[in-house]
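**Q** Pasting the sequence and the predicted model now:
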Amino acid sequence: LDDAVATASIAVPAIGFAAAAVLFTVAPLLADFYGRDEVQPIAMVLSGVLFIQSLSIVPDALIQRRMDFKWRRGVVDPLSVIVYGSVVIALALLGAEEWALVAGQYALFTTITIGAILIARPNPFRGTASIGMWRKMARYGRPLLGANVLEVIDQQVEPVALGRNVSATAVGLYNVGFRLALLPLSGITYIAAQVLFPALTRVKNDSKRFREALLEVVGLLPLFSIPACITLAGLGEPAVVTLFGERWREAGVVLQILVLWTLGLSVSELGREIFKAAGRTGMVARNAGLEAATLIVFVAALWIFGQVGLVTVALGRLAVGIVAVTAAAQALVNVVDVTLGELWRQVRPAVVGGAMQWVALFALAQIALEGFEGWTHLGDVNLGPVIPLAMLGGLTAVGLAVFAAGAEITKRGVIGGAITSIRSAMG
């Protein structure tokens, strides 16, 4: 381990520096592509963020290996958000405009990097860096690097298409919907995945325990991710209008579509950690390639036929979710000794509960109570968002109750079992 830390402590920052240099070099090309001269200096300055990010990779890997997330997730992450917001707001008030956001990025990733280093306390001088160790690490990590590159490309497809064919406003609306759609993934799947990888790595040589752990996780995570996603799928538009105002309504529509993609992505992310633990990182790159190719082909077709728009591009991302679920499920069958039938039996309670939840929310929010986000008055008294917020809270509670009932009908005791598992995991 010490030799690996020593080698990675040199190699990873070197790669980060190289990536920063590439972005700095191509900044003029980005400005030409978008037809905006101001893009060039922003891209050049932001290139340094890539190097700062690279400095946190080794410490974060050590934290994940130790499964020691208390300070990293409980203190550093919230602190980084606070620092980011404080810097952006302060500089924006001083008239820094777009440079406030640039400074915010530096503040965010510097806080994360310093925090990770203080928690992990990596000591690269304990081991000996070597070309041999680098080659060993590269064999494992090369497919993961390829997958990350593909994901970066994938994430630029929609902004480029909307920016060139619609407007900068459309890009902003889409990005808001996109970020909100990732909330269930960030709050549930990503956190679980970070614990899952080191846990599975410890039993990877015991095929029986590995298989049992896999099936347990496949059955457990959807009981939390599916109701969270379906809540946003059913209430996304009125929630966005209530919280941000009428002019953001289209972002709510995008959210309701993209959060269904998030369901597929949660399966893909779960598979990613399982493939990494099993040493089959090539599967990660393959799946990332399939997802990127699906989106590029879909959006290219929209571009050719002049159909690029917020909803159509979001539907392209939804198609990626379908591909992600299919590819991840089939790859799991090939890598682990499980069948599609076994996987389906594990997720069936959550899927049935989610379907019933969506029907209930659609019937209530889109039919029976349509337009409730505009109910701001009680007689002549303007209550602002009080009534819509209360409605959102009530509908969320009803939806979750329907989900739980559907899951219990499908498999008795599944909700109680999930709660028991979570309590046990939390000690």
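**A** In hand now; what should we look at?

**Q** Report the mean per-residue pLDDT for stretch 229-247.
**A** For stretch 229-247, mean pLDDT rounds to 93.

**Q** let me fix that: stretch 152-172
**A** The model assigns stretch 152-172 a mean pLDDT of 88.

**Q** Tell me which helix or strand Ala170 sits in.
**A** Using DSSP states H and E, Ala170 sits in helix 168-181.

**Q** now that helix: how far from the chain's centre is it?
**A** Taking Cα atoms, centre = their mean, to the nearest Å, one finds helix 168-181 lying 15 Å from the centre of the chain it belongs to.

**Q** Same check on stretch 111-126?
**A** The answer for stretch 111-126 is 24 Å, by Cα atoms, centre = their mean.

**Q** for stretch 100-109, same thing?
**A** 20 Å.

**Q** try stretch 189-203
**A** Using Cα atoms, centre = their mean, the offset of stretch 189-203 from its chain centre is 16 Å.

**Q** what kind of secondary structure is Val203 in?
**A** Recorded secondary structure, Val203: coil (DSSP: H, G, I helix; E, B strand; the rest coil).

**Q** Show the pLDDT at it.
**A** Listed pLDDT for Val203 reads 79.

**Q** I'd like to know how far it sits from Asp37.
**A** Val203 sits 55 Å away from Asp37, going by Cβ to Cβ, to the nearest Å. Glycine gets a C-beta too; all of them are placed from N, C-alpha and C.

**Q** Check Leu332 too.
**A** In terms of Cβ to Cβ, Leu332 sits 48 Å off from Asp37.

**Q** what does Ala407 give?
**A** Applying Cβ to Cβ to Ala407 and Asp37 gives a distance of 55 Å.

**Q** Which one's more surrounded, those two?
**A** Ranked by neighbour count (other Cβ atoms under 10 Å), Ala407 and Asp37 place Ala407 first, with 27 against 10.

**Q** My reading is that that one lies in a helix. Confirm?
**A** Yes: counting by three-state DSSP, Ala407 is found in a helix.

**Q** How about it: what's its closest non-neighbour residue?
**A** Leaving out its chain neighbours, the residue that sits closest to Ala407 by Cβ to Cβ, 6 or more residues apart in numbering is Gly353, at 3.6 Å.

**Q** Spit out the contact partners of the one you found.
**A** Contacts for Gly353 (Cβ atoms under 8 Å, 6 or more residues apart in numbering) come out as 223, 226-227, 402-407, 410.

**Q** next one: Gly354
**A** Contact analysis of Gly354 by Cβ under 8 Å, 6+ apart lists 222, 226-227, 229-230, 403, 406.

**Q** Kindly recompute the last result at 10 Å.
**A** For Gly354, the contacting residues are 222-223, 225-231, 233, 263, 347, 399, 402-403, 406-407, by Cβ atoms under 10 Å, 6 or more residues apart in numbering.

**Q** What's the first helix or strand after the helix or strand of the chain with the lowest mean pLDDT?
**A** One helix or strand of the chain scores below all others by mean pLDDT, DSSP states H and E: helix 190-201, with a mean of 74. As assigned by DSSP H and E, the chain's next helix or strand after helix 190-201 is helix 207-220.

**Q** now that following helix: how far from the chain's centre is it?
**A** Its chain's C-alpha centre and that of helix 207-220 lie 23 Å apart, by Cα atoms, centre = their mean.

**Q** go on, stretch 140-157?
**A** 14 Å.

**Q** Next, the buried residues of stretch 310-321.
**A** Going by neighbour count (16 or more other Cβ atoms under 10 Å), the buried part of stretch 310-321 is 310, 312-321.

**Q** Please save the CA atoms from it in PDB.
**A** Extracted in PDB, the C-alpha atoms of stretch 310-321 (Å, rounded to 0.1, in the frame of the first residue of the first chain):
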ATOM      1  CA  LEU A 310     -35.400  21.200 -23.800                       C
ATOM      2  CA  VAL A 311     -37.900  18.300 -23.700                       C
ATOM      3  CA  THR A 312     -36.400  16.400 -26.700                       C
ATOM      4  CA  VAL A 313     -32.900  16.600 -25.400                       C
ATOM      5  CA  ALA A 314     -34.100  15.500 -22.000                       C
ATOM      6  CA  LEU A 315     -35.800  12.500 -23.600                       C
ATOM      7  CA  GLY A 316     -32.400  11.600 -25.200                       C
ATOM      8  CA  ARG A 317     -30.900  11.500 -21.700                       C
ATOM      9  CA  LEU A 318     -33.800   9.300 -20.600                       C
ATOM     10  CA  ALA A 319     -32.800   6.900 -23.400                       C
ATOM     11  CA  VAL A 320     -29.400   6.800 -21.900                       C
ATOM     12  CA  GLY A 321     -31.000   5.700 -18.600                       C
END
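
**Q** Quick check: mean pLDDT of it?
**A** On average, stretch 310-321 scores 92.

**Q** which intervals of the stretch 51-200 of the chain have sub-threshold pLDDT?
**A** Within the stretch 51-200 of the chain, the stretches with pLDDT under 70 are 187.

**Q** could you pull out the helices for it?
**A** Taking DSSP state H, counting those that start in this stretch as the test, the helices found in the stretch 51-200 of the chain are 57-66, 70-71, 77-93, 98-120, 131-165, 168-181, 183-184, 190-201.

**Q** for Thr294, what are its contacts?
**A** Neighbours of Thr294 in contact, by Cβ under 10 Å, 6+ apart: 154, 316-317, 319-324, 327.
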